[in-house]
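Engineer: whatever this is, show me its structure:
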Amino acid sequence: MAVLSSDFTDHTVLVYNTEGVHLVSTTVMTHDKEARQVVLESMPNELKINENCRLIILTSPTPCEFQGKVKKLGAGIYIALFQGQEVEGRDAPRYPVSTPALITALIEDGQAHRIQTPVKVTLINISTTGVRFRAPYYSFDIGDMFQMDMFIGKNQKKVTARVVNNEDQSNDSSDYGCRFLLIQ
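Structural biologist: Residues are numbered from 1 along each chain as shown. I've put the predicted structure just below:
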């Protein structure tokens with residue numbers, strides 16, 4: 001998890017309820033590091049005052065996750081940030097997300113080689129350590145590294161990742177688990 005001393009202003013954030021349901025992808029408008037709170041560009045209607053939520057903030061080089069609590073101060077609503085307890089039996093809980101992405105380059109010997117026709121993929125879930133996506137059958141091997149454009153809300157993030165596992169879904173598609181190496 002990232003340190004609360006980082007500034008999250010203008011970063012993309014994915015907001016989930018405590019059951020892991022994706023509510024909104026938006027931007028951090030302000031971040032008060034001392035008070036440990038953020039104001040978001042759009043607040044999900046599903047979240048009420050004093051309700052808990054989970055936030056994945058797409059910071060560089062890798063994202064960070066926080067447990068949050070919706071608070072109200074005067075006319076404004078903000079989310080108080082706390083270091084979260086894990087809700088899955090893994091180091092970085094996965095949260096569902098269904099959004100498009102493009103694999104734009106393959107990385108070989110430390111060099112990015114642009115793909116003439118980017119590979120269209122669909123993100124399935126995201127965590128602070130990586131992402132799972134569905135792509136055409138047998139597009140990648142374990143260990144392959146690539147650059148990807150993720151489209152989260154109104155934001156586009158450039159990601160460098162490595163394939164760590166894959167699972168064939170059919171003769172048409174496979175799911176790939178990838179570890180983040182860098183987010184820009």
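
Engineer: can we go C-alpha only for contacts and neighbour counts from here?
Structural biologist: Will do.

Engineer: can you tell me which residue is nearest the centre of this structure?
Structural biologist: residue 126 (4.9 Å; Cα atoms, centre = their mean).

Engineer: what are the bridge partners for that one, then?
Structural biologist: Using DSSP bridges, the beta-bridge partners of residue 126 come out as residue 95, residue 131.

Engineer: what residues are up against it?
Structural biologist: Remark: with contacts taken as Cα atoms under 8 Å, 6 or more residues apart in numbering, residue 126 is in contact with 94, 95, 96, 97, 132.

Engineer: before we move on, what about residue 62?
Structural biologist: Counting by Cα under 8 Å, 6+ apart, residue 62 makes contact with 128, 129, 180, 181, 182, 183.

Engineer: helix or strand: which one has the third one?
Structural biologist: Following DSSP states H and E, the helix or strand that holds residue 180 is strand 173-183.

Engineer: quick one: mean pLDDT for that strand?
Structural biologist: In this model, strand 173-183 has an average pLDDT of 89.

Engineer: in that strand, what counts as buried?
Structural biologist: 173, 174, 175, 176, 177, 178, 179, 180, 181, 183 (16 or more other Cα atoms under 10 Å).

Engineer: likewise stretch 113-125?
Structural biologist: Going through stretch 113-125 with 16+ other Cα under 10 Å, the ones that come out buried are 121, 122, 123, 124, 125.

Engineer: same check, this time on stretch 54-73
Structural biologist: Under 16+ other Cα under 10 Å, the buried positions of stretch 54-73 are 54-60, 62-71.

Engineer: isn't residue 184 right next to residue 60, touching?
Structural biologist: Yes. With contact taken as Cα atoms under 8 Å, residue 184 and residue 60 are classed as touching, separated by 5.9 Å.

Engineer: skip the chain neighbours and tell me the closest residue to residue 21.
Structural biologist: Counting by Cα to Cα, 6 or more residues apart in numbering, residue 96 is the residue found nearest to residue 21 once chain neighbours are left out, at 6.7 Å.

Engineer: ok, that neighbour to residue 71 distance?
Structural biologist: 25 Å (Cα to Cα, to the nearest Å).

Engineer: what about the residue lying closest to residue 128 once chain neighbours are set aside, distance to residue 173?
Structural biologist: Counting by Cα to Cα, 6+ apart, residue 63 is the residue found nearest to residue 128 once chain neighbours are left out, at 4.8 Å. Separation of residue 63 from residue 173 (Cα to Cα): 27 Å.
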